[in-house]
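> when you get a sec, could you give me coordinates for this:
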Amino acid sequence: MTTYSIPPAAVPVAPIDVQIAEIASCQHGFIHLHQLHALGLTTSGVMKRLRSGRLHRVQPRVYAVGHTALSFEATIAAVLLSIGPGTFVSGRCLAFLNGSFPRGRPFVEVTSTRRHRGLQDATVRFTRSLPAKECTTFRGLASTTTPRMIVDLAEHLTAHQVAHAIHEARRRGQLRYPSLEAAARRHVHRRGYGTLIEAMRLHRSGSAGTRSFAEDDFLRMVLAGDVAMPMVNVHVQGRRRKFEVDFSWPELMLCVEVDGPEHDLPAQQAKDAERDRQLAACGFEVIRVPVAVLAAGADKVIDRIAQLSA
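Next up, the predicted model:
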């Protein structure tokens, strides 16, 4: 049975609600049922505080103290407390928190050495063991390390998406490449190992991976047209400096930019025009594809590649 300690600050005799608040202040505003019982609170005492609004159940055996407005990080903390030791924020949840892959709607994802069911709005991934070298903390939350996070992402994302997570983690100083290589060697039998190795190859080639779901969709559409794999978000030499281009086929001297709504702004259009002029001066053809007409733009690019390849 899991034991839960009471912080020393809560030991001196005090009104029980003060002690509850002191414990919760060390745990992102939450307290576990076992901790309430350790303080001497009976089941009827817990129910009384639930009815009065002093406690609010947020996960099995976990209660928010005096509030119900939970931040995303607080929601994660409640899940960690509910499952207990050996549980860590991981995968896409951690990538959203640390900014290496902040796409889509955030959701709670943890990896645990404990099997657990019944949690609200949380995904628990069971593992028989989690080496200490792959465990750390992030913003006060138990988490996997960034290299382990990348390994986990490879089970659920594409190689270009994982390459972007690697790029962002390194840019933010959260990842050393030798540590990622070591993590890859430890997980050669994982389901996403092939994706991980391809993502690492893309990163070494200079690719920042796909930066948005729109870029993911465009890449999928273009490749469905049986064209060569483009370079994705690599730097291309313009007349005076290098530019990161969404998609490029260097052998065809072709660059493609997938433009979101912000490219409709006059200031951005001026920057785009200057960028296109510099690339054109070096012999590149630039095609801009608005997100609003992504499918039609992909067809145009496929046709243009066929013409250039003839």
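
> so what's the gap between the one helix or strand I76 maps to and the chain middle?
Following DSSP states H and E, one finds I76 within helix 72-83. Relative to its chain's centre, helix 72-83 lies at 17 Å (Cα atoms, centre = their mean, to the nearest Å).

> and what of stretch 82-90?
How far stretch 82-90 lies from its chain's middle: 18 Å, per Cα atoms, centre = their mean.

> circling back: which secondary structure elements does the helix holding I76 contact?
Counting contacts by 3 or more Cβ pairs under 8 Å, 6 or more residues apart in numbering; DSSP states H and E, helix 72-83 is packed against strand 30-32, strand 55-59, strand 62-65, strand 87-89, helix 91-98, strand 108-112, strand 122-126, strand 141-144. C-betas here are computed from N, CA, C, even on glycine.

> give me that answer again for 7 Å
strand 30-32, strand 55-59, strand 62-65, strand 108-112, strand 141-144 (3 or more Cβ pairs under 7 Å, 6 or more residues apart in numbering; DSSP states H and E).

> extract the CA atoms of it and return them as PDB.
Written as PDB, here are the backbone C-alpha positions of helix 72-83 (Å, rounded to 0.1, in the frame of the first residue of the first chain):
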ATOM      1  CA  PHE A  72      -3.600  22.800 -17.000                       C
ATOM      2  CA  GLU A  73      -0.500  22.200 -14.800                       C
ATOM      3  CA  ALA A  74      -2.700  21.900 -11.700                       C
ATOM      4  CA  THR A  75      -4.800  19.300 -13.600                       C
ATOM      5  CA  ILE A  76      -1.700  17.300 -14.300                       C
ATOM      6  CA  ALA A  77      -0.600  17.600 -10.600                       C
ATOM      7  CA  ALA A  78      -3.900  16.100  -9.600                       C
ATOM      8  CA  VAL A  79      -3.400  13.100 -11.900                       C
ATOM      9  CA  LEU A  80       0.100  12.500 -10.500                       C
ATOM     10  CA  LEU A  81      -1.100  12.700  -7.000                       C
ATOM     11  CA  SER A  82      -4.000  10.300  -7.700                       C
ATOM     12  CA  ILE A  83      -1.800   7.600  -9.200                       C
END
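
> would you mark the buried spots in that helix?
Neighbour-count burial for helix 72-83 flags 73-83 (criterion: 16 or more other Cβ atoms under 10 Å).

> again with stretch 19-31
Buried-residue list, stretch 19-31, by 16+ other Cβ under 10 Å: 19-24, 27-31.

> farthest pair in those?
Among the buried residues of stretch 19-31, the pair separated by the greatest distance (Cβ to Cβ) is Q19 and H28, at 17.2 Å.

> so which residues make contact with stretch 241-256?
208, 215, 228, 230-236, 257-258, 275, 279, 283-287, 289, 301, 304-305, 308-309 (Cβ atoms under 7 Å, 6 or more residues apart in numbering).

> could you rerun that using 8 Å?
Residues outside stretch 241-256 that contact it (Cβ atoms under 8 Å, 6 or more residues apart in numbering) are 208, 211, 215, 218-219, 222, 228, 230-236, 257-258, 275, 278-279, 283-289, 301, 304-305, 308-309.

> ok, stretch 106-113 next?
Counting by Cβ under 8 Å, 6+ apart, 72, 75-76, 79-80, 83, 86-94, 96, 121-130, 144, 152 sit against stretch 106-113.
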